[in-house]
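> the sequence and its predicted three-dimensional model are supplied below.
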Amino acid sequence: MPEPPAFERLAAHPLRWQLLQELGASDRAVWELTELLAEPQNLVSYHLRQLREGGLVTARRSSADGRDTYYAIDRAACERGLQAAGGELMGRVVPTRSRRTRLLFLCTGNSARSQMAEALIEDASHGVITAVSAGSHPKPLHANAVRVMKRRGIDISQNRTKHFDEYAGQRFDMVITLCDRVREVCPEFPSQPELVHWSIPDPALDGTMKAFERTATELETRIGYLLPLLTGRRTTHVKQ
């Protein structure tokens, strides 16, 4: 009798399926997954290793606390496996709202990652999503962020950087932190938005256009999977 495909063998285990669902919603550290699933750390770590070896999950050392590692789902690998299985995994669908969905992207400097994410999701959603961005320690807009967006036909050259206090008291449906440091100081919002973390390295630390292209590509991929969940309908991926 032929064995099920590798994806089904990995995902069929109840705990690994739960891990994939949690990581489909947000990047997580092991201690968070342990708390969310109420399972011992050694068991969670074992199944995370199985998912990493199977190519469904990636890991990156936290830039805020080197003792932590953030795990993230490999959406493209899961999509390929799910297409073969005829299912869907990428998180719950948020019901379509009569009002426009509002997102806030946060990083430390609001000079690159969050500015790029804001521009990309507004462009890809064709006005369905309203996005803004801010930082905990705003810096001037990075020239390479402007250049990498210009290559995609998006002009952010006139954007200003902002402190997240500017948005205190405003309503958001979702707040997405894009760096590990800002996640630790993310303010509370009265609308109790869904909090999502994307652990994305700061391209400014490298400073090259190659680093900014990598960041833009990762944001495009993540946004391409997020949009259907926010709009309640399937959309095409963000243009590459």
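Perfect, I can see it now.

> packing partners for the lengthiest helix in the chain?
In the chain, taking DSSP state H as the definition, the longest helix is helix 209-231. In this structure, helix 209-231 packs against helix 75-85, strand 101-107, helix 113-125, strand 129-135, helix 143-150, with contacts taken as 3 or more CB pairs under 8 Å, 6 or more residues apart in numbering; DSSP states H and E. (Glycine included, C-beta is placed from N, CA and C.)

> I'd like these as TSV, with distance to E32 appended.
Output for the helices and strands packed on helix 209-231, formatted as TSV (distance: least, CB to CB, whole Å):
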stretch	distance to E32
helix 75-85	19
strand 101-107	18
helix 113-125	21
strand 129-135	23
helix 143-150	29
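
> so for A6, which of those sits nearest?
Smallest distance to A6 across the helices and strands packed on helix 209-231 (CB to CB): 7.6 Å, for helix 75-85.

> quick revisit: send me the longest helix of the chain as CSV with only the CA atoms.
Taking Å, rounded to 0.1, in the frame of the first residue of the first chain, the C-alpha atoms of helix 209-231 are listed here in CSV:
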residue,chain,number,x,y,z
MET,A,209,19.5,46.7,-2.3
LYS,A,210,19.7,42.9,-2.2
ALA,A,211,18.7,42.9,1.4
PHE,A,212,15.8,45.3,0.7
GLU,A,213,14.7,43.2,-2.2
ARG,A,214,14.6,40.1,0.1
THR,A,215,12.5,42.0,2.6
ALA,A,216,10.1,43.3,-0.1
THR,A,217,9.7,39.8,-1.5
GLU,A,218,9.0,38.3,2.0
LEU,A,219,6.4,41.0,2.7
GLU,A,220,4.8,40.4,-0.7
THR,A,221,4.5,36.7,0.0
ARG,A,222,3.1,37.1,3.5
ILE,A,223,0.6,39.8,2.3
GLY,A,224,-0.4,37.6,-0.6
TYR,A,225,-1.6,35.0,2.0
LEU,A,226,-3.1,37.5,4.4
LEU,A,227,-5.4,39.3,2.0
PRO,A,228,-7.9,36.5,1.4
LEU,A,229,-8.2,36.1,5.2
LEU,A,230,-9.0,39.8,5.7
THR,A,231,-11.4,40.1,2.7
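
> roughly how far apart are the spatially closest residue to G81 that is not a sequence neighbour and V44?
Distance criterion CB to CB, 6 or more residues apart in numbering; nearest residue to G81, sequence neighbours excluded, is F7 at 2.9 Å. Distance, F7 to V44, using CB to CB, to the nearest Å: 20 Å.

> state the phi and psi torsions of the most centrally placed residue in the chain.
In the chain, the residue lying closest to the centroid (CA atoms, centre = their mean) is W198, at 3.6 Å. Phi and psi for W198, reported as degrees, to the nearest 10, are phi -120, psi 110.
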